[in-house]
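Enquirer: Here is a sequence with its predicted model. Questions after.
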Amino acid sequence: MNNIAIFCGSNFGNDPIYTSLTKELGSCIVKNKLRLIYGGAAVGLMGVVADQVLSLGGEVVGVLPEKISNTEIAHKSLTELHVVATMHERKAMMANLADCFVAIPGGIGTLEEIIEVFTWAQLGFHSKPCGILNVNGYYDKLQELLMTMCNAGFLSEYHMKSLVFDDDPERLLNTLLQQKIVYQPKWVK
């Protein structure tokens, strides 16, 4: 595993713990000699994780839609910055470059991105680990919803367990680095 895609917010959130654990995750990325793949912005938690990885000598690849790059949010110090035409191209490029995916706190875009790659794994489009850094219980309700889907027979237990939730950046990353995803059709219980 060489590349980790991080999905996160373009805001900081209202609790300093979001920034603190994002920096810790950035440090873990460098410690494990991974290259960060992310949305390419210099703002919010996106900027925090990129800056942390860069400050420790790591490599950071940003993928930013052209419409957003024309504003002042594009990060100017990345190892590589790919400017693409659409959000769909952004997500496809990030998915192709990444060997695993992690969502940290963010808004609806962050939620959409991690659920999409999790769905792709469930459907066998990739076999890359997916995880969620559950800072301060931020994603507890999502985990409950997924468990409801599992209990109602709409999500297999195997797939439910393949999405790793953890509140510790290092432990989450270590679990993902060791995880092997084997495609199982979604209808297999």
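Expert: Okay, I see it.
Enquirer: Which of the residues in the worst-scoring helix or strand of the chain on mean pLDDT are classified as buried?
Expert: Ranking every helix and strand in the chain by mean pLDDT, DSSP states H and E puts helix 66-69 at the bottom, with a mean of 85. For helix 66-69, the neighbour count (16 or more other CB atoms under 10 Å) marks 68, 69 as buried. Quick note: C-beta positions are derived from backbone N, CA and C, even for glycine.
Enquirer: Also stretch 64-81?
Expert: Buried, per 16+ other CB under 10 Å, within stretch 64-81: 64, 65, 68, 69, 73, 74, 75, 78, 81.
Enquirer: what two of the residues you listed are the furthest from one another?
Expert: Greatest spacing in the buried residues of stretch 64-81, by CB to CB: 65 and 78 (15.2 Å).
Enquirer: mind listing the helices for the chain?
Expert: 16-31, 44-55, 66-69, 87-97, 108-122, 140-151, 157-162, 169-178 (DSSP state H).
Enquirer: Now do the residue lying closest to residue 49 once chain neighbours are set aside, the pLDDT please.
Expert: Once flanking residues are discounted, residue 49 sits nearest to residue 26: 4.8 Å by CB to CB, 6 or more residues apart in numbering. pLDDT, residue 26: 98.
Enquirer: What is the burial count for residue 99?
Expert: Per other CB atoms under 10 Å, the neighbour tally for residue 99 reads 17.
Enquirer: So it sits against residue 35, correct?
Expert: No - with contact defined as CB atoms under 8 Å, residue 99 does not count as touching residue 35 (9.2 Å).
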